[in-house]
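**Student:** How does the following fold in three dimensions:
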Amino acid sequence: MPLLPAVEIEPPVPATASVIWLHGLGADGHDFEPVVPHLGLPQDAGVRFIFPHAPKIPVTINNGFVMPAWYDILEMNLDRKVDVPQLEASAAAVHAFIEREIARGIPGERIIIAGFSQGGAVAYQAALTYDKPLGGLLALSTYFATAESIEVHAANKALAIRIMHGTADGVVPESLGRTAQALLTEMGYAPEYVTYALEHSVSMEELQDIGGYLRAWLVD
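**Tutor:** Here you go, the predicted model:
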């Protein structure tokens, strides 16, 4: 599968780990590019950041307007009715990035998948279905859109998962984050759940916490 276009930030030393970070609806790979310096990673951590750009497609809930999107959202409701085949195709595109990183010499256990909002729904699908062990999953202000259809791969049955959500999120209500936590727990995972006093965004406190998770998974 051809790789999607992406922003890549190389560390100042040879890369020994990678973070693949997916943006939300209507944004692009540049959206989270500025956060890297705020994560507080050591200069010698050797972490490569990859921010793919979603393709531009019509989005039903936005009157069919064409915009960057990982999949079509068909209804705006608590259950988030989505185009599952498109979401699965986007997850396959993430798998292609993972395979490229492994080919570049990065072990799967040192690859982290992160996603915000719509990108987080793809991150769940991509990380939990990948056929080699990964280093962790960061689910930011998102929801588990494919919980009923996903076929989790045994390689990632013990994946470390951190769910982070704003308590005042009016776009993806925090209840959806809690639902994801409950569903994952039922599936045998032990997701950590953290909340922040913010809307549908990320804060400096959250970025510092993300940096802490990355250091724990990849550096310490």
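**Student:** Show me what the residue nearest the centre of the chain is bridged to.
**Tutor:** Geometric centre of the chain, nearest residue: Gly115, 2.1 Å, by CA atoms, centre = their mean. Gly115 has the following beta-bridge partners by DSSP bridges: Leu22, Ala139.
**Student:** Report pLDDT for it.
**Tutor:** What the model reports for Gly115 is a pLDDT of 98.
**Student:** Then Leu74?
**Tutor:** Reported pLDDT for Leu74: 83.
**Student:** Look up how far Thr60 lies from it.
**Tutor:** The gap separating Leu74 from Thr60 is 5 Å, by CB to CB, to the nearest Å. The way it works is simple: take the backbone N, C-alpha and C, and place the C-beta from them, glycine included.
**Student:** Could I get the full set of strands for the chain?
**Tutor:** Taking DSSP state E, the strands of the chain run over residues 6-9, 17-22, 47-52, 56-59, 65-68, 111-116, 136-140, 161-166, 192-196.
**Student:** will you turn these into a markdown table that also has distance to Pro85?
**Tutor:** Listed next are the strands of the chain as a markdown table, based on distance: least, CB to CB, whole Å:
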| stretch | distance to Pro85 |
| --- | --- |
| strand 6-9 | 22 |
| strand 17-22 | 18 |
| strand 47-52 | 19 |
| strand 56-59 | 12 |
| strand 65-68 | 18 |
| strand 111-116 | 18 |
| strand 136-140 | 21 |
| strand 161-166 | 24 |
| strand 192-196 | 29 |
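**Student:** How about residues contacting stretch 144-156?
**Tutor:** 80, 82, 84, 87-88, 121, 124-125, 127-134, 176, 179-180, 183-184, 187 (CB atoms under 8 Å, 6 or more residues apart in numbering).
**Student:** swap in stretch 84-99?
**Tutor:** Against stretch 84-99 from outside (CB under 8 Å, 6+ apart): 1-4, 6, 20, 22, 50, 52, 54, 57, 70-72, 108, 111, 113, 121-123, 125-126, 129-130, 132, 134, 145-146, 149.
**Student:** Tell me the gap between that stretch and the middle of its chain.
**Tutor:** Relative to the chain's own centre, stretch 84-99 is displaced by 12 Å; criterion: CA atoms, centre = their mean, to the nearest Å.
**Student:** quick one: contacts for the spatially closest residue to Pro52 that is not a sequence neighbour?
**Tutor:** Distances taken as CB to CB, 6 or more residues apart in numbering place Ala6 nearest to Pro52, at 4.2 Å, with adjacent residues excluded. Ala6 makes contact with Gly29, Ile50, Phe51, Pro52, His53, Phe97, according to CB under 8 Å, 6+ apart.
**Student:** Give me the nearest residue to the third one, chain neighbours excluded.
**Tutor:** Translated: Phe51. Phe51 sits nearest to Gly29 (CB to CB, 6+ apart), 3.6 Å away.
**Student:** So the one you found versus Ile98, what's the distance?
**Tutor:** 16 Å.
**Student:** again with Ile106
**Tutor:** For Ile106 relative to Ile98 (CB to CB), the value is 9 Å.
**Student:** again, but for Phe51
**Tutor:** With CB to CB as the criterion, Phe51 and Ile98 are 15 Å apart.
**Student:** Ok, Ile163 next?
**Tutor:** Taking CB to CB, one finds Ile163 at 21 Å from Ile98.
**Student:** re earlier: now the contacts of Ala6 in JSON lines, with pLDDT?
**Tutor:** Output for the contacts of Ala6, formatted as JSON lines (pLDDT from 0 to 100):
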{"residue": "Gly29", "pLDDT": "95"}
{"residue": "Ile50", "pLDDT": "98"}
{"residue": "Phe51", "pLDDT": "98"}
{"residue": "Pro52", "pLDDT": "98"}
{"residue": "His53", "pLDDT": "97"}
{"residue": "Phe97", "pLDDT": "98"}
